[in-house]
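Visitor: Next come a sequence and a model predicted from it.
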Amino acid sequence: MAREQIGHADAFSRREFLTSTGGALVGMSMLGTAGQAAAAKRHPQRGGSLNYGSSGDASGLDAHRHNTNHISTPLSVMYSGLTDLDQQGNIIPGLAESWESNKDLTAWVFRLRKGVLFHNGREVDAEAIKLNFERIKNPKTGGDWERGAIANVGSVEIIDRYTLRIKAVVPAVTIPANVMHYPTRMIAPDAFDTAAEHPVGTGPFKFVSWTRYSETHMVRFENYWETDAEGNNLPYLDAVIGKPKREPSIRLTALRTGQVHFINTMAQADITPFEENHSDDYQLWKWHTGGMFAVFNFR
């Protein structure tokens with residue numbers, strides 16, 4: 001992940017996340033630091049692994065039960081949603097290639113991409129999406145955060161194999177945002193029972209192993225649907241290896257010593273001296289948490 005100058009605070013789109021890197025780096029929808037030399041390659045070669053030193057980790061593997069945050073959880077690269085975001089914050093197609101609502105915003109029709117596969121080879125169809133929504137909404141299987149994201153999804157109707165209708169509990173323009181890659185992640189229905197041990201998603205990388213706060217190992221999904229601007233299959237990397245480091249000083253040391261290629265945060269006190277002393281070797285993106293949410297009462 002990189003930018004040409006220090007100080008940019010814009011997030012990466014999904015495509016940038018997959019195309020900004022080659023042998024050493026992969027772009028992510030988060031802000032942090034990375035070596036400039038590898039980041040400067042505009043058209044990187046395929047292969048290599050990214051060692052990512054995140055500040056956090058998921059509490060479990062079942063992405064319907066446990067929060068899989070883009071910022072701090074390497075596992076997020078295993079999943080996709082019906083929609084996604086581009087760099088400007090616009091909602092763009094994900095597993096769904098198009099959608100439209102009725103006039104009163106009580107129902108939304110989503111049309112799925114054909115031929116998209118889960119990591120176990122099962123095709124993503126309307127039935128799979130319906131089963132995912134039902135599992136997330138079930139208090140016995142869905143976490144509070146995940147269920148809350150789609151609380152306004154009242155029912156899902158299958159129109160045909162690649163088309164479904166989502167009926168809202170109350171009229172809402174927000175349904176396409178509610179079904180985005182984060183936090184509404186799609187899991188292969190035939191892998192629901194083993195999601196806590198071996199999750200199966202639709203994202204650019206597939207699961208190999210996970211030890212909480214130690215290492216997450218994922219490899220390139222050879223049948224991932226997305227391509228770069230020239231039509232080449234994504235992702236470029238062979239693997240993403242998460243190496244969470246909860247302590248900021250340990251995380252920064254891991255970056256400086258080459259244990260990891262990328263970290264998502266550093267201690268506030270380290271930012272200025274790091275920028276002054278290491279800007280020739282690393283890219284730094286500044287961000288703040290002074291304001292993170294704007295909450296509206298749509299009712």
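Guide: Structure received.

Visitor: how many neighbours does Asp125 have?
Guide: 18 (other CB atoms under 10 Å). (Glycine included, C-beta is placed from N, CA and C.)

Visitor: Hmm, I typed the wrong one, I wanted Glu123.
Guide: Around Glu123 there are 15 other residues, counting by other CB under 10 Å.

Visitor: beta partners for it?
Guide: Leu117 (DSSP bridges).

Visitor: isn't it right up against Ile129?
Guide: No: contact between Glu123 and Ile129 fails when scored by CB atoms under 8 Å: they sit 11.3 Å apart.

Visitor: Overlap of the contact sets of these two?
Guide: Counting by CB atoms under 8 Å, 6 or more residues apart in numbering, no residue touches both Glu123 and Ile129.

Visitor: Just the CA trace of stretch 75-89, in CSV.
Guide: Below are the C-alpha coordinates for stretch 75-89, written out as CSV (Å, rounded to 0.1, in the frame of the first residue of the first chain):
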residue,chain,number,x,y,z
LEU,A,75,-9.0,-12.1,7.7
SER,A,76,-11.1,-9.4,6.0
VAL,A,77,-9.4,-10.1,2.6
MET,A,78,-11.3,-13.5,2.5
TYR,A,79,-14.7,-11.9,2.0
SER,A,80,-16.9,-9.9,-0.3
GLY,A,81,-20.4,-8.4,0.0
LEU,A,82,-23.1,-7.5,-2.4
THR,A,83,-21.7,-4.0,-2.7
ASP,A,84,-18.4,-2.2,-2.0
LEU,A,85,-16.9,1.3,-1.9
ASP,A,86,-14.6,3.2,-4.2
GLN,A,87,-12.0,5.7,-3.2
GLN,A,88,-14.5,8.5,-3.2
GLY,A,89,-16.9,6.7,-0.9
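
Visitor: Give me the distance between it and the centre of its chain.
Guide: 5 Å (CA atoms, centre = their mean, to the nearest Å).

Visitor: Would you mark the buried spots in that stretch?
Guide: Neighbour counts over stretch 75-89 (16 or more other CB atoms under 10 Å) mark Leu75, Ser76, Val77, Met78, Tyr79, Ser80, Gly81, Leu82, Thr83, Asp84, Leu85 as buried.

Visitor: does the third one really touch Ala239, like I thought?
Guide: It stands for Val77. No: in this structure, Val77 is not within contact of Ala239 by CB under 8 Å, at 10.5 Å.

Visitor: Mutual contacts of those two, please.
Guide: Phe205, Met218.

Visitor: Need the worst-confidence member of the buried residues of stretch 75-89.
Guide: Lowest pLDDT among these: Leu85, with 88.
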